[in-house]
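In: sequence and computational prediction follow.
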Amino acid sequence: MKTRLVMTLILASLVALGACDRDAMMSSKGFRLPDGDAVVGREAFLYMQCHQCHTIDGEELPLIPGQETPYVELGGKVTKVKTYGELITAIINPSHELARGYAEEVVSQDGESNMYIYNDHMTVQELIDIVMFLQPHYDVVVPQGKYRVYPR
């Protein structure tokens, strides 16, 4: 009876540890692609016509003849760092987190992003280069607001 209890506890522990490994496997910690080339990333951004819908703060991009003015700005002042992983996710899984501050019908339909899915058309190197191009355009600033100071 005692052996059965010990074996049950060991088995339960192994199952619990297996669940921890699953969480660790799904973590973005440790994920890092090689460095890219921002100049090549700009070229890929234009080649894939990302500027059809996106502007980039501080970047002069050519207009696409016959297209409406781009409506989703990338870069600029943000209160939170845009991490490497967040930018990659935004490109390969645009419905993961929809752009805020825009009319819902402009950026999504039925909760899914209107952004074209490039996964079958973009190489990993192009993805790396585009992220390398975009990341420096974000300027992290301290959020404005009054903070109450509590006495000690």
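Out: Happy to help now that I have it.

In: all strands for the chain, in order.
Out: 54-56, 72-74, 76-78, 108-109, 112-113, 138-140 (DSSP state E).

In: ranking those by burial, who's on top?
Out: Burial of the strands of the chain is given as mean neighbour count (mean count of other Cβ atoms under 10 Å); strand 54-56 ranks first at a mean of 19. For glycine as for every other residue, the C-beta is placed from the backbone atoms N, C-alpha and C.

In: quick one: contacts of that one?
Out: Applying Cβ atoms under 8 Å, 6 or more residues apart in numbering, the external contacts of strand 54-56 come out as Leu61, Pro70, Val72, Glu73, Leu74, Gly75, Leu134, His137.

In: partner strands of that strand, with direction?
Out: If you go by DSSP bridges, strand 54-56 pairs up with strand 72-74 (parallel).

In: average model confidence for the strand it pairs with?
Out: Per-residue pLDDT values across strand 72-74 average out to 90.

In: please tell me how far that strand is from the chain's geometric centre.
Out: Remark: strand 72-74 is offset 13 Å from the chain centroid, using Cα atoms, centre = their mean, to the nearest Å.

In: cool, and stretch 117-135?
Out: Centroid separation for stretch 117-135 versus its chain: 12 Å, with Cα atoms, centre = their mean.
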